[in-house]
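K.L.:
kindly return the folded structure for what I paste below:
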Amino acid sequence: MTSAPLRLLHTDIDERVRLIREGHGDWLCGKGCDRCCKRLADVPQLTGAEWALLQEGLAALPPDQLDLIATRITALGPTPARPVTCPLLDPDSGACPVYAQRPVACRTYGFYVDRELGLYCRDIEQQVADGALDQVIWGNHEVIEHALARLGPQRSLTAWFEDWQAQRR
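P.N.:
This is a model prediction of the structure:
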């Protein structure tokens with residue numbers, strides 16, 4: 001069950017995303033675009049509340065799909081080479097099998113920006129610079145970071161997953 005603060009954060013993010021999509025029908029982020037999933041700076045960090053939700057989605061996957069994810073997580077190792085491809089990404093379909101339970105970092109990418117950390121879609125930024133997506137108002141990622149900090153400490157997806165797998169054995 002999703003915690004109330006995380007549910008509220010998801011609602012806020014989903015509303016901003018809805019408004020952006022309504023105002024910009026040619027927005028790049030959508031089903032079929034997995035470029036950001038293949039170009040991560042690092043393994044995603046999740047709070048305990050995010051992991052609890054993601055774990056629900058993972059537990060519902062067929063065992064063979066979960067085994068493939070486990071193999072990809074193991075292959076990342078302790079210091080993954082960059083760019084990192086999300087171990088949850090289904091390489092055949094380019095889709096996330098736990099999309100409904102995806103972490104906040106995945107929900108915000110392409111719609112929020114933290115320029116100091118380079119957290120934004122460069123493809124969208126280029127379209128904005130070229131004038132194709134005029135009047136774009138990015139969400140402020142700093143607000144998201146503060147909301148996540150109130151949900152508790154973060155750990156890497158791989159650490160959460162490995163602990164979960166150890167408990168299941």
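
K.L.:
would you check that residue 13 makes contact with residue 108?
P.N.:
Yes. In terms of Cβ atoms under 8 Å, residue 13 counts as a neighbour of residue 108; the distance is 5.8 Å. Every residue, glycine included, has its C-beta placed from N, CA and C.

K.L.:
what residues of the helix ranked longest in the chain count as buried?
P.N.:
In the chain, taking DSSP state H as the definition, the longest helix is helix 4-23. By neighbour count on 16 or more other Cβ atoms under 10 Å, the buried set for helix 4-23 is 6, 9, 10, 13, 16, 17, 20.

K.L.:
helices and strands of the chain: which one has the lowest mean pLDDT?
P.N.:
Within the chain, no helix or strand scores below strand 112-113, which has a mean of 60 by mean pLDDT, DSSP states H and E.

K.L.:
report the contact partners of residue 21.
P.N.:
27, 30 (Cβ atoms under 8 Å, 6 or more residues apart in numbering).

K.L.:
quick one: it from residue 15, how far?
P.N.:
Per Cβ to Cβ, to the nearest Å, residue 21 is found 11 Å from residue 15.
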